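>>> return atomic coordinates for the entry below.
(2 chains)
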Number of protein chains: 2
Amino acid sequence: MPAPLQFHFDFISPYGYFASLRIEELAARHGREVDWRPMLLGVAVLKVMGLKPLLDTPLKGDYIRHDVRRYARRHGIALGRDLNAPIGNPLPAARAFCWVRRHHPALQAAVAHAIYHAFWAEGRDLSTPEAVASVALPPGLDAAALAEGAASEEAATLLRNAMGAATAAGVFGSPFLVIDGEPFWGVDRLPEAEEWLARGGW
Amino acid sequence: MPAPLQFHFDFISPYGYFASLRIEELAARHGREVDWRPMLLGVAVLKVMGLKPLLDTPLKGDYIRHDVRRYARRHGIALGRDLNAPIGNPLPAARAFCWVRRHHPALQAAVAHAIYHAFWAEGRDLSTPEAVASVALPPGLDAAALAEGAASEEAATLLRNAMGAATAAGVFGSPFLVIDGEPFWGVDRLPEAEEWLARGGW
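Numbers count the residues shown, from 1 in each chain, chains lettered A, B, ... in the order given. Below is the predicted model:
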């Protein structure tokens, strides 16, 4: 069995959301599974790279807003979120995911999709553990347990370690796909990543 | 006749080089011509957007170097340039191009290709008007006249105005393609741009 595809993502990233809707089918076409890896754009962009937030960058911010809407139209994705609305605190969702990944690994993909859908398709605020736990959870996951897990010191540590590992591996964006060590940044690189899988690299 | 595709590019941009090798065939497939528009990443990135140089950005710089080599291998493009070598002064090449665009418009595509090839395939330094004029010029273009043109106040003004117009139009990267007002940033967006042309947008 070849290694899973490392799919690094931040829930606040619209391109991460778009890629999350395609990554499992892409992986399955090549006999791979998906290893869901949460990361924090706020840390990567502001602290590690020393840049300003993407949407606050002159010209580029306007382009991104336009491009996100264009992608959504092209792929028939409903965006219930105002792209100018504050993102809110990204930590509860990422920590909740880390907790699920540790304690209910079989549910991690379903939870990633549920959180992404709530944030981007429904436009919900997910700034608290309780808000994250109120999304449409898969069977077998208790909302109260998830809220408690998301607020736990364990989840904070798991996320901190995940983010440290991602940075050490050179991950700086969302989505960021790593195939047997080969990095592909951005949803627009998924076709190239798939060609890499099909050809075994070049 | 539909409007030409505005192809904004900087000679120091490897992705601009890669796109320059594909843009005319892409345009021709849809009955379009290419309007070659020089821009300066140094101004757009550092002054307009307030970011640091791409290759000096932690993590992202390493990724870009890796990605540029990967793209070149995939497309069979020889890169004679060390990606860690100093870029040099980008103004003479951009000014030379502006001068050609004004005084020998029929030669602008040939000159763009010649400069790009000298810089990226041959790895030549193009930091002076004389160096730019020493590239393999198309018939009909005199090297001495080009060197003089590149050093002229007229060329400096043309480039300044071109850069001002590009910024006003929201252009911030290279390559940056504008199709009837619709912006596409990056060589990895050429397939999407082509789909836009084929479908007439969405």
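>>> show me where chain A has its strands.
Using DSSP state E, the strands of chain A run over A:5-9, A:34-38, A:176-179, A:182-185.
>>> wait, does the third one contact chain B?
Read that as strand A:176-179. No: Strand A:176-179 lies out of reach of chain B by Cβ under 8 Å from any Cβ of the partner chain, never closer than 9.0 Å. Where you see a C-beta, it was placed from the backbone N, CA and C, and this is true even at glycine.
>>> show me how far that strand is from its chain's centre.
Centroid displacement of strand A:176-179 relative to its chain, using Cα atoms, centre = their mean, to the nearest Å, is 12 Å.
>>> who are the packing partners of it?
When contacts are defined as 3 or more Cβ pairs under 8 Å, 6 or more residues apart in numbering or on different chains; DSSP states H and E, strand A:176-179 packs onto strand A:5-9, strand A:182-185, helix A:190-199.
>>> among the ones you listed, which is nearest chain B?
Ranking these by proximity to chain B (Cβ to the nearest Cβ) places strand A:182-185 first, at 6.1 Å.
>>> burial count for A:Y17?
29 (other Cβ atoms under 10 Å in any protein chain shown).
>>> should've said A:G140
With other Cβ under 10 Å as criterion, A:G140 counts 9.
>>> next one: the one 5 residues further on
Per other Cβ under 10 Å, the neighbour tally for A:A145 reads 14.
>>> now do A:A143
13.
>>> repeat that for the one 5 residues further on.
One way to gauge burial is a neighbour count; for A:E148, by other Cβ under 10 Å, it gives 15.
>>> okay, now the closest residue to it other than its chain neighbours: neighbour count?
With Cβ to Cβ, 6 or more residues apart in numbering or on different chains as the criterion, A:E148 has its nearest non-adjacent residue at 7.5 Å, and that residue is A:P129. Other residues within reach of A:P129, judged by other Cβ under 10 Å, total 22.
>>> in contact with A:P129, which residues are there?
The neighbours of A:P129, taking Cβ atoms under 8 Å, 6 or more residues apart in numbering or on different chains as the test, are A:92, A:95-96, A:146-148, A:150-151.
>>> what about the helix or strand bottoming out on mean pLDDT in chain A and chain B, touching?
Every helix and strand of chain A was ranked by mean pLDDT, DSSP states H and E. The lowest is helix A:41, at a mean of 94. No: applying Cβ under 8 Å from any Cβ, one finds helix A:41 separated from chain B by no less than 12.3 Å.
>>> chain B contacts on chain A?
When proximity is defined as Cβ under 8 Å from any Cβ, chain A approaches chain B at A:44, A:48-52, A:57-60, A:62-63, A:66-67, A:70, A:73-74, A:167, A:170-173, A:183, A:185-186, A:188-189, A:191-192, A:202.
>>> ok, back up a step: out of the contacts of A:P129, which one sits closest to chain B?
Nearest to chain B among these, with distances taken as Cβ to the nearest Cβ, is A:R95, at 23.0 Å.
>>> does the closest one touch A:L159 like I think?
Yes: the pair A:R95 and A:L159 qualifies as a contact (Cβ atoms under 8 Å) at a distance of 5.1 Å.
>>> one step back: separation between the residue nearest to A:E148 and A:V43?
The gap separating A:P129 from A:V43 is 20 Å, by Cβ to Cβ, to the nearest Å.
>>> could you find the closest non-adjacent residue to A:R69?
Going by Cβ to Cβ, 6+ apart, A:R69 has A:L79 as its nearest residue, at 7.0 Å.
>>> ok, that neighbour - contacts?
Taking Cβ under 8 Å, 6+ apart as the test, what A:L79 contacts is A:14, A:68-69, A:72, A:120-121, A:123.
>>> do A:W36 as well
Per Cβ under 8 Å, 6+ apart, neighbours of A:W36: A:7, A:9, A:97, A:101, A:108-109, A:112.
>>> flag every buried residue along stretch A:64-72.
By 16 or more other Cβ atoms under 10 Å in any protein chain shown, the buried positions in stretch A:64-72 come out as A:64, A:67-68, A:70-72.
>>> in helices only, show me those residues.
With helices taken from DSSP state H, the overlap with the buried residues of stretch A:64-72 comprises A:64, A:67-68, A:70-72.
>>> what about A:E153, neighbour count?
That count, for A:E153 with other Cβ under 10 Å as the rule, works out to 8.
>>> model confidence for it, exactly?
A:E153 is assigned a pLDDT of 98 by the prediction.
>>> separation between it and B:G42?
For A:E153 relative to B:G42 (Cβ to Cβ), the value is 46 Å.
>>> ok, A:A110 next?
47 Å.
>>> what's near enough to touch the closest residue to A:A110 other than its chain neighbours?
Spatial nearest neighbour of A:A110, excluding adjacent residues (Cβ to Cβ, 6+ apart): A:P138 at 3.9 Å. By Cβ under 8 Å, 6+ apart, A:P138 lies in contact with A:107, A:110-111, A:114.
>>> ok, and the most crowded of the residues you listed?
Within those, most neighbours by other Cβ under 10 Å means A:V111, with 23 neighbours.
>>> state the distance from that one to A:P38.
A:V111 is 11 Å from A:P38, by Cβ to Cβ.
>>> what do those two both touch?
A:F97.
>>> tell me which residues of stretch A:188-197 are tucked away?
A:188-190, A:192-194, A:196-197.
>>> spatially central residue in chain A, please.
A:F9 (2.7 Å; Cα atoms, centre = their mean).
>>> show the model's pLDDT score for A:L54.
Reported pLDDT for A:L54: 83.
>>> likewise A:L51?
86.
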